[in-house]
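1. let's see this in three dimensions:
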Amino acid sequence: MFRDEDTEYALSIWSTGGQAELHVWGGGAHGFDMYMPDAEISRAALAARASWLRRIWSVAR
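-> Below is the predicted model of the structure:
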């Protein structure tokens with residue numbers, strides 16, 4: 001639903017030297033990780049999010 005807008009936002013972050021990680025989950029509708037948390041795609045997306053947060057928080061310390 002917001003793929004193009006999110007891609008543009010990530011590109012703008014990268015173009016200014018910022019760090020961003022962009023994942024496009026094919027087949028995932030808006031909010032899929034909340035509405036179907038046990039689906040394989042949701043588990044993968046949530047694991048990627050948790051990994052990113054761990055990496056960002058470890059750098060910020």
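2. which residues does stretch 10-25 contact?
-> Outside stretch 10-25, the residues that touch it by CB atoms under 8 Å, 6 or more residues apart in numbering are 3, 6-7, 9, 32, 41, 44-45, 48, 52. For every residue, glycine as well, the C-beta is placed using N, CA and C.
3. contacting residues for residue 48?
-> Taking CB under 8 Å, 6+ apart, one finds 21, 23 in contact with residue 48.
4. please put the alpha-carbon coordinates of the strand or helix carrying residue 48 into CSV.
-> When elements are assigned from DSSP states H and E, residue 48 belongs to helix 40-60. The C-alpha trace of helix 40-60 is given here as CSV (Å, rounded to 0.1, in the frame of the first residue of the first chain):
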residue,chain,number,x,y,z
GLU,A,40,5.6,-17.0,7.9
ILE,A,41,5.9,-13.6,6.3
SER,A,42,5.0,-11.9,9.5
ARG,A,43,7.6,-13.9,11.5
ALA,A,44,10.3,-13.0,9.0
ALA,A,45,9.3,-9.3,9.0
LEU,A,46,9.2,-9.1,12.8
ALA,A,47,12.6,-10.9,13.0
ALA,A,48,14.1,-8.4,10.6
ARG,A,49,12.7,-5.5,12.6
ALA,A,50,14.0,-6.9,15.8
SER,A,51,17.5,-7.4,14.3
TRP,A,52,17.5,-3.9,13.0
LEU,A,53,16.5,-2.5,16.4
ARG,A,54,19.2,-4.5,18.2
ARG,A,55,21.9,-3.2,15.7
ILE,A,56,20.7,0.4,16.0
TRP,A,57,20.5,0.3,19.8
SER,A,58,24.0,-1.2,20.1
VAL,A,59,25.4,1.6,18.0
ALA,A,60,23.6,4.3,19.9
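5. buried sites along it?
-> Applying a neighbour-count criterion of 16 or more other CB atoms under 10 Å, one finds 42, 45 buried in helix 40-60.
6. pLDDT weak spots in the chain?
-> When the per-residue scores of the chain are filtered using pLDDT under 70, the ranges that remain are 60-61.
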